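In: got a sequence here, can you model it:
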Amino acid sequence: MAQHSHGGASGPLLDGKVAIVTGAGAGIGRATALALAREGARVLVNDLGGTRDGNGQGREAADAVVAEIRSAGGRAEASYVSVSDAASAASIVGDAVDAFGRLDVLINNAGILRDKQLLKLELADWQAVLDVQLSGTFLCLKAAAARFKDQGQ
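Out: So this is what the prediction gives:
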């Protein structure tokens with residue numbers, strides 16, 4: 001990727017850093033992953049590959065972003081698991097460390113949308129949103145914090 005320098009001869013802002021971006025298969029997550037890679041970060045692109053409402057699963061979204069980063073000269077790997085359970089969140093952090101040796105940045109971007117009026121919204125739909133947006137953020141942060149502690153950060 002085209003590298004941007006932010007003053008001095010130090011090179012790209014995130015040179016040598018490792019970042020995870022959840023929900024990185026499209027939208028803001030994709031743009032964030034690409035921006036991090038442009039700044040020299042090695043990026044773990046996490047995306048379950050489902051629809052906006054959280055249904056389904058696939059590898060195409062994450063793979064496309066990884067390919068885009070690599071074709072521009074960056075380094076990236078894909079992760080296809082959900083953020084919404086502890087084991088998967090831990091595996092996301094583990095995949096980043098296995099691929100790149102460390103972890104420096106976590107961007108909790110994964111989210112789903114159950115676009116219904118309040119009176120039509122079922123408790124299961126509400127819980128699915130909370131599982132991704134809130135619990136997923138907490139679980140990924142907890143897994144990343146454990147890694148940061150192990151790295152002395």
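
In: just want the phi and psi numbers for Leu106.
Out: Phi and psi for Leu106, reported as degrees, to the nearest 10, are phi -130, psi 120.

In: please apply the same query to Ala76.
Out: Dihedral angles phi and psi of Ala76 (degrees, to the nearest 10) take the values phi -150, psi 150.

In: do Arg42 as well
Out: According to degrees, to the nearest 10, Arg42 has phi -90, psi 130.

In: got a list of contacts for the helix or strand of the chain with the lowest mean pLDDT?
Out: Every helix and strand of the chain was ranked by mean pLDDT, DSSP states H and E. The lowest is helix 123-130, at a mean of 93. Contacts to helix 123-130, defined as Cβ atoms under 8 Å, 6 or more residues apart in numbering, come from residues Gly54, Gly111, Ile112, Leu113, Arg114, Lys116. The C-beta positions use only the backbone N, C-alpha and C, and glycine is treated the same way.

In: swap in 7 Å and give it another go.
Out: Residues from elsewhere that reach helix 123-130 (Cβ atoms under 7 Å, 6 or more residues apart in numbering): Gly54, Ile112, Arg114, Lys116.

In: repeat that for stretch 24-35.
Out: With contacts defined as Cβ under 7 Å, 6+ apart, stretch 24-35 is touched by 21-23, 43, 45-47, 49, 61-62, 65, 68-69, 107, 109.
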